[in-house]
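[1] No sequence on hand, only this structure:
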């Protein structure tokens, strides 16, 4: 009988239990490197584009806006809003298809989807009645 290999996340969990500081240290170093890279990119872009000096004459409690201000904010943030909407749709599609994929897997291939919670069907999904 063939022995199934352990899932990669089980190996990571054992490594975390053996040496938690080493694992968390690697995660922290990777996060710090990513943050420094992003800050460096912002610094380079701001250096290339130059500074714009604008004096705002706001008085507390600031200025009351109107409809054109709302449209301006929406216009400036439209790309972020669209990307967020696409990410939400992709997450919904992935979450709803995982239980369907797990139902067709057997043996060691089903292990990772079962560990991810895909073996439990969502409450809105009911399989067709068997005849």
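    Noted; the coordinates are in hand. Since this is a predicted model, take the numbers as computed values, not measurements.

[2] Toward the C-terminus from the host helix or strand of residue 48, list the very next helix or strand.
    Per DSSP states H and E, residue 48 falls inside helix 20-49. Downstream of helix 20-49, the first helix or strand assigned by DSSP H and E is helix 67-76.

[3] who's in contact with that next one?
    residue 81 (Cβ atoms under 8 Å, 6 or more residues apart in numbering). Placement of C-beta: from N, CA and C, glycine included.

[4] Which strands or helices does the helix or strand following it pack on?
    The element immediately downstream of helix 67-76 (helix or strand, assigned by DSSP H and E) is helix 78-103. Counting contacts by 3 or more Cβ pairs under 8 Å, 6 or more residues apart in numbering; DSSP states H and E, helix 78-103 is packed against helix 109-115.

[5] for the helix it packs on, what is the average pLDDT?
    Confidence for helix 109-115, expressed as mean pLDDT, is 53.

[6] ok, back up a step: tell me what the helix holding residue 48 is packed against?
    Here helix 20-49 touches helix 8-18, going by 3+ Cβ pairs under 8 Å, 6+ apart.

[7] tell me the average confidence for the helix it packs on?
    Regarding helix 8-18, the rounded mean pLDDT is 76.

[8] Perfect, I'm done here.
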